[in-house]
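>>> only geometry, no sequence info:
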């Protein structure tokens, strides 16, 4: 039976309202409205306007929508449906977003942080289909993660479970999540950029020029640029990705030993740079992780790709239906 659902993806710079339907074990995206994230009042107004537009366009009544799912960066309280002052959403202080939507439409609504929502999406509709224990990791600008344990999303005592980026892998190193040498410091776009700047500075102070980065360009360096050079076979760029891959293997070994998952699904930079990182990562996992746990765990790339944000918001709605 097909069930119509809506997703709301709230980001720091842009938002989207997504219309889809769940048909058994499949999820289909049917329409999407995008708009910039501005002030709280204007953004809520645009969310409501987008829902109204989609419902009007597809001749949907409130009774024909089974659930609404909201994906948003934390911190938040998923039980109470409240967004609690995310750093990338200035002025969004204790916003009862679920109540706002439910009061307006009378449709069952749920809220999850974006990493948890992505974990639900990859578990149900992506690379994690068929497993009961899975870890999802974003590996994007930062390192977010979500946990599927024993066949359900695990969020912890107050929605802070799965903050793998905060694990310290080294006493010194690139900074991520407010901690030097953290998992996020080594395994994120920002972290790879920091590693690149350190190694570039070493070369430049030794009087060694780097063809793809002049001294005055160093502050403009990005992980994407490093990846492009690594793919072309540049030795320094390959060294930068090798350092990140070693840390990824070390961090995943800790996750494997503690959680014993069947699958770890990684998105973002890893999905695009798998060939640069997979070999070294697996080498470290083989060395560090418990053999019995390592042998049952597959490290996979995200299957949902650039659409994962859309699937994530809809998956929060679909997960509400699973609880009925």
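Good, I have the coordinates. Computed from a predicted structure; not experimentally measured. Numbering: from 1, shown residues only.
>>> Just want the phi and psi numbers for the residue lying farthest from the centre of the chain.
Most distant residue from the mean C-alpha position of the chain: residue 207, 39.4 Å away (CA atoms, centre = their mean). Torsion angles at residue 207 (phi, psi; degrees, to the nearest 10) stand at phi 80, psi 20.
>>> Quick check: it vs residue 215, distance?
11 Å (CB to CB, to the nearest Å). For the C-beta atoms, the positions are set from N, CA and C on the backbone; glycine is no exception.
>>> care to break this structure down by domain?
Structural domains assigned to the chain are 2-125+306-322, 134-303, following automatic domain parsing.
>>> Let me see the backbone angles for the most centrally placed residue in the chain.
Nearest to the geometric centre of the chain sits residue 138, at 3.4 Å (CA atoms, centre = their mean). With angles defined as degrees, to the nearest 10, residue 138 sits at phi -80, psi -40.
>>> Residue 146 versus that one, what's the distance?
9 Å.
>>> Show the contacting residues for residue 19.
4, 5, 6, 29, 30, 31, 32, 54, 58, 60 (CB atoms under 8 Å, 6 or more residues apart in numbering).
>>> for the third one, which residues make a bridge with it?
The bridge-partner assignment for residue 6, based on DSSP bridges, gives residue 19, residue 68.
>>> Based on its surroundings, how many neighbours for it?
27 (other CB atoms under 10 Å).
>>> For residue 119, see how far away it is.
For residue 6, the distance to residue 119 equals 20 Å [CB to CB].
>>> cool, residue 179 as well?
Distance, residue 179 to residue 119, using CB to CB: 22 Å.
>>> Those two: who's more crowded?
More neighbours sit around residue 119 than around the other of residue 179 and residue 119, counting by other CB under 10 Å; the figures are 31 against 16.
>>> in the protein, which spans are helices?
Under the criterion DSSP state H, the chain contains helices at 40-57, 97-105, 114-125, 183-186, 189-205, 223-231, 235-259, 268-272, 274-288, 291-294, 308-322.
>>> is it possible to export those helices to a markdown table including distance to residue 164 and mean pLDDT?
Output for the helices of the chain, formatted as a markdown table (distance: least, CB to CB, whole Å; pLDDT from 0 to 100):
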| stretch | distance to residue 164 | mean pLDDT |
| --- | --- | --- |
| helix 40-57 | 29 | 96 |
| helix 97-105 | 26 | 97 |
| helix 114-125 | 9 | 96 |
| helix 183-186 | 6 | 96 |
| helix 189-205 | 13 | 95 |
| helix 223-231 | 19 | 96 |
| helix 235-259 | 6 | 97 |
| helix 268-272 | 13 | 94 |
| helix 274-288 | 15 | 97 |
| helix 291-294 | 16 | 97 |
| helix 308-322 | 18 | 94 |
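>>> Throw those into JSON lines and include distance to residue 74, thanks.
Below are those laid out as JSON lines (distance: least, CB to CB, whole Å):
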{"stretch": "helix 40-57", "distance to residue 74": "17"}
{"stretch": "helix 97-105", "distance to residue 74": "13"}
{"stretch": "helix 114-125", "distance to residue 74": "8"}
{"stretch": "helix 183-186", "distance to residue 74": "14"}
{"stretch": "helix 189-205", "distance to residue 74": "18"}
{"stretch": "helix 223-231", "distance to residue 74": "23"}
{"stretch": "helix 235-259", "distance to residue 74": "20"}
{"stretch": "helix 268-272", "distance to residue 74": "18"}
{"stretch": "helix 274-288", "distance to residue 74": "27"}
{"stretch": "helix 291-294", "distance to residue 74": "28"}
{"stretch": "helix 308-322", "distance to residue 74": "13"}
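>>> Of the ones you listed, which is nearest residue 173?
helix 183-186 (5.4 Å; CB to CB).
>>> Output the contacting helices and strands for the closest one.
If you count contacts as 3 or more CB pairs under 8 Å, 6 or more residues apart in numbering; DSSP states H and E, helix 183-186 packs onto strand 175-176, helix 189-205, helix 235-259.
>>> Now render the ones you listed as TSV, adding mean neighbour count.
Output for these, formatted as TSV (neighbours: other CB atoms under 10 Å):
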stretch	mean neighbour count
strand 175-176	18
helix 189-205	19
helix 235-259	20
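>>> circling back: right, so of the helices of the chain, which gets closest to residue 89?
helix 40-57 (7.9 Å).
>>> contact partners of the closest one?
Contacts for helix 40-57 (CB under 8 Å, 6+ apart): 6, 8, 10, 15-17, 19, 31, 33, 35, 37-38, 60-62, 65, 68, 89, 91-92, 95, 97, 100-101, 104-105.
>>> of these, buried ones?
6, 8, 10, 15-17, 19, 33, 37, 65, 68, 89, 92, 95, 97, 100-101, 105 (16 or more other CB atoms under 10 Å).
>>> circling back to that earlier point, for the helices of the chain, which one sits closest to residue 159?
Per CB to CB, nearest to residue 159 of those: helix 114-125, 8.0 Å.
>>> Now do the closest one: which elements does it pack against?
Using 3+ CB pairs under 8 Å, 6+ apart, helix 114-125 sits against strand 26-36, strand 65-72, strand 134-137, strand 145-149, strand 152-154, helix 308-322.
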